[in-house]
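> sequence-free structure coming up:
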């Protein structure tokens, strides 16, 4: 089961989003240190109980996705992603004619070689719609999440989207996934990589 997949037993708690006392963004009434990252971004609070319930393919567990992305962990097994002198292994969700040469952005963490091979063989979507690349330069560039607006002492969701670091609206966002910008990369053939 993919490390980043969300399970049916891992439902978001009923933690209300509130306007911070300084009125400069949102938070949780019982906010804890791990609710924010090093940039001060507020993150969705979801219990981490992999294996509890059924896997919900297509849904991502916020904390595990962020840990995999920031720590270069394989999105499938949670172990170290494959890294060589040529870079880390990523599968880009694109066709050859859509791949940008100068930079790409993705919400999908890197992979180890065995999991990359297994994933492409097992998933019909991946067989026809991803490009394996080695990436030498990468950096977090933003988050996907929900933008809130003040509504008295509470806050109401107003928009879902992608918000780049440096966006002045970021203090009003509850993030769900970390976005990574990839640069200095080249396409590889998975069949040429040792399994």
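Great, that's in hand. Quantities reported herein were computed from a predicted structural model and do not represent experimental measurements.

> let me know the pLDDT of the nearest residue to residue 131 once chain neighbours are set aside.
The shortest distance from residue 131 to any non-neighbouring residue, by CB to CB, 6 or more residues apart in numbering, is to residue 92 (4.7 Å). Quick note: C-beta positions are derived from backbone N, CA and C, even for glycine. pLDDT recorded at residue 92 is 86.

> now swap in residue 188 and tell me
pLDDT, residue 188: 87.

> that one against residue 116, yeah?
No. If you go by CB atoms under 8 Å, residue 188 and residue 116 don't touch, sitting 9.8 Å apart.

> can you tell me the closest non-neighbouring residue to residue 152?
residue 19 (7.9 Å).

> the one you found bridge partners, please.
Taking DSSP bridges as the rule, residue 19 bridges to residue 26.

> report how many residues lie close to residue 182.
With neighbours defined by other CB atoms under 10 Å, the count for residue 182 comes to 22.

> and the next element down the chain from the helix or strand bottoming out on mean pLDDT in the chain?
Ranking every helix and strand in the chain by mean pLDDT, DSSP states H and E puts helix 124-129 at the bottom, with a mean of 66. Per DSSP states H and E, the first helix or strand lying C-terminal to helix 124-129 is strand 131-151.
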